[in-house]
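1. Fold the stuff below for me.
(2 chains)
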Amino acid sequence: EAQVTQNPRYLITVTGKKLTVTCSQNMNHEYMSWYRQDPGLGLRQIYYSMNVEVTDKGDVPEGYKVSRKEKRNFPLILESPSPNQTSLYFCASSLYGGRTSNQPQHFGDGTRLSIL
Amino acid sequence: AQTVTQSQPEMSVQEAETVTLSCTYDTSESDYYLFWYKQPPSRQMILVIRQEAYKQQNATENRFSVNFQKAAKSFSLKISDSQLGDAAMYFCASRVPEKLVFGKGTKLTVNP
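-> Residues are numbered from 1 along each chain as shown, chains lettered A, B, ... in the order given. Predicted coordinates for the structure are as follows:
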C-alpha cells in the first residue's frame, strides 16, 4: 500500500530533550516536506527536500533540522525542543517538486508533539 | 508571497443539502495548481479535488466540484448531497514550486 509513515504518532516530552520524528514513504517520491499545524494558522512549511541530499528552509524553520540521506526517509529533528514547538506535525511527499509539479502531496497521519 | 484566504472559519449544512466553501488566493505565477484537502477528526489530510489553473473547465469529483474564477482568483468548493461523513476541516491550498500554501481552514458541520 502506498503510504507516508510517521513515527511516533504521539509524544510528550520536556524542554531541551532532543527528539526525532521519522518519516518514510514507499512511493519512490523525490519531493518530501514537513509542515506544522497550529489552531487558527493552518499548515505551515518547516523544511522541504527536492531530492536526496537537497534540503531547504520553509516558512518556519527555526529550531528544526532535517536530513535526506535516502530517498525514502526524511526525519525531522528537534535538538532542543521548547514549548512553542508543541504542535501537530505532518510529513508529506509527492513524485516531484518544482515549477511544473501538479501532483498532490500525500500526507502522513500526523504526529502530535507536546513539549512541557 | 503566495497567500490563500478562507473567509469562513465555520459553516454548517443540513444532511442532503448543498454547501459552498469559499477560497481566494493571490499569486504572481502564471501557471499554478489549486487543491482542496479534507481533515476529519482522525486528522488525516485527504485530497478532495484539484484544479490546474490553465484549464478553464471546473474540476468535479463525484459530489464535490469547484467554481474556479481565475480572473477573480477565487476557488470555491461545492459539496452536493452533503453526508454526515463530510463533517471535517477543509483546507484550500495553492501549489508553488517548493510547497503548498494553505488557508486557515473552514470547519464544516453536517446536521442530521
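
2. Enumerate the residues of chain B near chain A.
-> B:31, B:33, B:35, B:42-45, B:47, B:50, B:52, B:91, B:95, B:97-100, B:102-105 (C-beta under 8 Å from any C-beta of the partner chain). C-beta: built from backbone N, CA, C; applies to glycine.

3. swap the cut-off to 6 Å and go again
-> Near chain A, the residues belonging to chain B are B:33, B:35, B:43-45, B:47, B:50, B:52, B:97-100, B:102-105 when assessed by C-beta under 6 Å from any C-beta of the partner chain.

4. Just the buried residues of whichever strand in chain A runs longest, please?
-> The residue-count maximum for a strand in chain A (DSSP state E) belongs to strand A:42-51. By neighbour count on 16 or more other C-beta atoms under 10 Å in any protein chain shown, the buried set for strand A:42-51 is A:42-50.

5. cool, and stretch A:59-79?
-> For stretch A:59-79, the buried set under the neighbour-count rule, 16+ other C-beta under 10 Å, comprises A:60-61, A:64, A:66, A:68, A:71-76, A:78.

6. B:Ile49: what's it in contact with?
-> By C-beta atoms under 6 Å, 6 or more residues apart in numbering or on different chains, the contact list for B:Ile49 reads B:36, B:59, B:61, B:64, B:66.

7. low pLDDT regions in chain A?
-> A:98-102 (pLDDT under 70).

8. Could you rerun that using 80?
-> Scanning chain A for pLDDT under 80 picks out A:1-2, A:96-104.

9. quick one: whatever helix or strand A:Gln6 lives in near chain B?
-> Following DSSP states H and E, one finds A:Gln6 within strand A:4-7. No - using C-beta under 6 Å from any C-beta, strand A:4-7 stays clear of chain B, coming no nearer than 9.9 Å.

10. Can you name every helix or strand that that strand contacts?
-> With contacts taken as 3 or more C-beta pairs under 6 Å, 6 or more residues apart in numbering or on different chains; DSSP states H and E, strand A:4-7 sits against strand A:19-25, strand A:87-94.

11. Could you export the ones you listed as CSV, including mean neighbour count and distance to chain B?
-> Formatted as CSV, the helices and strands packed on strand A:4-7 follow (neighbours: other C-beta atoms under 10 Å in any protein chain shown; distance: least, C-beta to the nearest C-beta, whole Å):
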stretch, mean neighbour count, distance to chain B
strand A:19-25, 19, 14
strand A:87-94, 23, 6
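
12. is it possible to export those to a markdown table including distance to B:Asp26?
-> Shown next, in a markdown table, are the helices and strands packed on strand A:4-7 (distance: least, C-beta to C-beta, whole Å):
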| stretch | distance to B:Asp26 |
| --- | --- |
| strand A:19-25 | 30 |
| strand A:87-94 | 22 |
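
13. Let's have the contacts of B:Ile49 in TSV, adding neighbour count.
-> Output for those, formatted as TSV (neighbours: other C-beta atoms under 10 Å in any protein chain shown):
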residue	neighbour count
B:Trp36	26
B:Ala59	19
B:Glu61	12
B:Phe64	16
B:Val66	25
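
14. Sitting in helices, which of those residues do you find?
-> Using DSSP state H, no member of these sits in helices.

15. Which of those residues sits closest to chain A?
-> Nearest to chain A among these is B:Trp36, at 10.2 Å by C-beta to the nearest C-beta.

16. now the end-to-end length of stretch B:55-69.
-> Its first and final residues considered, stretch B:55-69 spans 11 Å by C-alpha to C-alpha, to the nearest Å.

17. circling back to that earlier point, now the strand holding A:Gln6: how far from the chain's centre is it?
-> Here the centre of strand A:4-7 is set off from its chain's centre by 10 Å, with C-alpha atoms, centre = their mean, to the nearest Å.
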